[in-house]
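# generate a structure from the sequence data that follows.
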Amino acid sequence: MKKILLLLVLLSINKIQSQILEERERAKVVDQILAERFNEVLPELMGRTDVDMWILISREYNEDPVLRTMLPATWLNARRRTILVFYKPPAQDTIEKLAIARYNIGENIESAWNKEKQPDQWQALIDIIKDRDPGKIALNISENFGIADGLVKTDYDEFITALPEEYKSRITSAEDLSVGWIETRTLREMVIYSSLVELTHDIIAEAFSLEVIQPGVTTTDDVVWWMRQKVTELGLETWFHPTVDIQRNEEELVDHITAFSDEKGSSVILPGDLLHCDFGVTYLRLNTDCQQMAYVLKNDEIEAPEFLQQALDKGNKLQDILTSNFKTGLSGNEILHQSLEEAQKEGLKASIYTHPLGLYGHSAGPTIGMWDQQEGVPGAGDYPLYENTVYAIELNTEVEISEWNKSIRIMLEEAGFWGEDGFRYVNGRQRDLILIPSEEVEN
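Model prediction:
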């Protein structure tokens, strides 16, 4: 039976691998998605945030994190100083997309600077502003979101020096607009996301199998580097170094700082171990972030001990509590407080640290707790929940295991989508422990 399950996993990975696009085809998809986002998502966001003109300024190799997501597939970096201007005329649902740069920015953004006629790039930008006379000019300056704080001091100072005095009072933060751009997903992106999360799950399933793990021989570092190599061989990337860790009968539960770091080091995987991994993949500018758990069967076992499965059930219960509190307009802190209060009533020792997921792994949007800020996160936690957004439903619950005379921590993380029809997991979630037989059982 275990061999059949492993074969199904391998067949699934091979199927998805065959669907991974060649670089030229990836570029086409990236640019198609960008066009949809510029023409459909951005006008709506500029209307929602009441921004007339959005200016992004960046220089090569020091790119604004938002501007980076707007570059066409063939632009791996900005060129020289790149300035983008998005202007939404009053009472219109379309926007102008201009570049104060020497080149068109792909097919979506047209160059609006003729250096031969106007040698000064800043003055070319000022001419654009004067011609359109926007009531509000948004710049990427943000106290709460690093991704939305991409305007560096040199570019800001030079821009303000060039800007006529009458426009300086119109400058405002583009924080809400930047976050909206980063967090909002299109239908096409969600179709891709589903396949990418499926691939993430399948790689974890293969990593937590006899194909990779020989109990008593294989170390946690061996599994980590197998995962890195697997992703590389698929032609993809990981956006963070994976982790694999062990909880076992005779060892005390470590604190959160140790659990979220590499301080425990590498350990040999043994029968009876409860394994946990943290793993994510990047493809077509989308990122996954997943934590799942596995159990290494002892020689005389065909299933995990019931007390471990019951512990996982409590982790699923905490997920249900959290996602049931999602409601458009609620802040991350409100969702956190309601969920922790309900979890406590259910007798769960809970910790919630859910974050936005998408164009970045730790993305921008409502932060729903941090592992060391369970009372709420000022700023990022005050941002509201909007539809068409994705989250890493990341949390843990500590469960007392009398059979082990200790507590264990059930740590789970799955991609979830919030839309007009409510919450759904992007591609399912773990409900049962992954089982890794010992060699003796397998043979």
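# what segments of the stretch 301-443 of the chain are helices?
For the stretch 301-443 of the chain, applying DSSP state H, counting those that start in this stretch gives helices covering 306-324, 332-345, 439-442.
# just the CA atoms of the longest one, as CSV, please.
What that stands for is helix 306-324. Extracted in CSV, the C-alpha atoms of helix 306-324 (Å, rounded to 0.1, in the frame of the first residue of the first chain):
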residue,chain,number,x,y,z
GLU,A,306,-4.1,7.7,17.9
PHE,A,307,-3.0,10.4,20.3
LEU,A,308,-0.8,12.0,17.6
GLN,A,309,-3.7,12.0,15.1
GLN,A,310,-5.9,13.5,17.7
ALA,A,311,-3.3,16.2,18.2
LEU,A,312,-3.3,16.9,14.5
ASP,A,313,-7.1,17.2,14.7
LYS,A,314,-6.7,20.0,17.2
GLY,A,315,-4.5,21.8,14.7
ASN,A,316,-7.2,21.5,12.1
LYS,A,317,-9.7,22.8,14.7
LEU,A,318,-7.6,25.9,15.2
GLN,A,319,-7.4,26.4,11.4
ASP,A,320,-11.2,26.2,11.3
ILE,A,321,-11.6,28.7,14.1
LEU,A,322,-9.2,31.2,12.4
THR,A,323,-10.7,31.0,8.9
SER,A,324,-14.3,31.2,10.3
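# could you dump the helices of the stretch 301-443 of the chain to a markdown table with distance to S209, mean pLDDT and mean neighbour count?
Just so you know, the C-beta spots here come from the backbone N, C-alpha and C atoms, and that holds for glycine as well. Output for the helices of the stretch 301-443 of the chain, formatted as a markdown table (distance: least, C-beta to C-beta, whole Å; pLDDT from 0 to 100; neighbours: other C-beta atoms under 10 Å):
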| stretch | distance to S209 | mean pLDDT | mean neighbour count |
| --- | --- | --- | --- |
| helix 306-324 | 18 | 98 | 18 |
| helix 332-345 | 32 | 98 | 20 |
| helix 439-442 | 10 | 49 | 15 |
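# which one, of these, ends up nearest to A112?
A112 lies closest to helix 332-345 among these, at 38.0 Å (C-beta to C-beta).
# restrict the closest one to CA atoms and write it as PDB.
Taking Å, rounded to 0.1, in the frame of the first residue of the first chain, the C-alpha atoms of helix 332-345 are listed here in PDB:
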ATOM      1  CA  GLY A 332      -5.800  41.400  11.000                       C
ATOM      2  CA  ASN A 333      -5.800  42.200  14.700                       C
ATOM      3  CA  GLU A 334      -9.600  41.900  15.000                       C
ATOM      4  CA  ILE A 335      -9.400  38.400  13.400                       C
ATOM      5  CA  LEU A 336      -6.500  37.400  15.600                       C
ATOM      6  CA  HIS A 337      -8.200  38.500  18.800                       C
ATOM      7  CA  GLN A 338     -11.500  36.800  18.000                       C
ATOM      8  CA  SER A 339      -9.800  33.600  16.900                       C
ATOM      9  CA  LEU A 340      -7.600  33.300  20.000                       C
ATOM     10  CA  GLU A 341     -10.500  34.000  22.300                       C
ATOM     11  CA  GLU A 342     -12.500  31.200  20.600                       C
ATOM     12  CA  ALA A 343      -9.500  28.800  20.700                       C
ATOM     13  CA  GLN A 344      -9.100  29.400  24.400                       C
ATOM     14  CA  LYS A 345     -12.800  28.600  25.000                       C
END
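# show residues contacting that helix.
Helix 332-345 is contacted from outside by 318, 321-322, 325-327, 350, 352, 354, 365-369, 374, 376-377, 380-383, 385, 397, using C-beta atoms under 8 Å, 6 or more residues apart in numbering.
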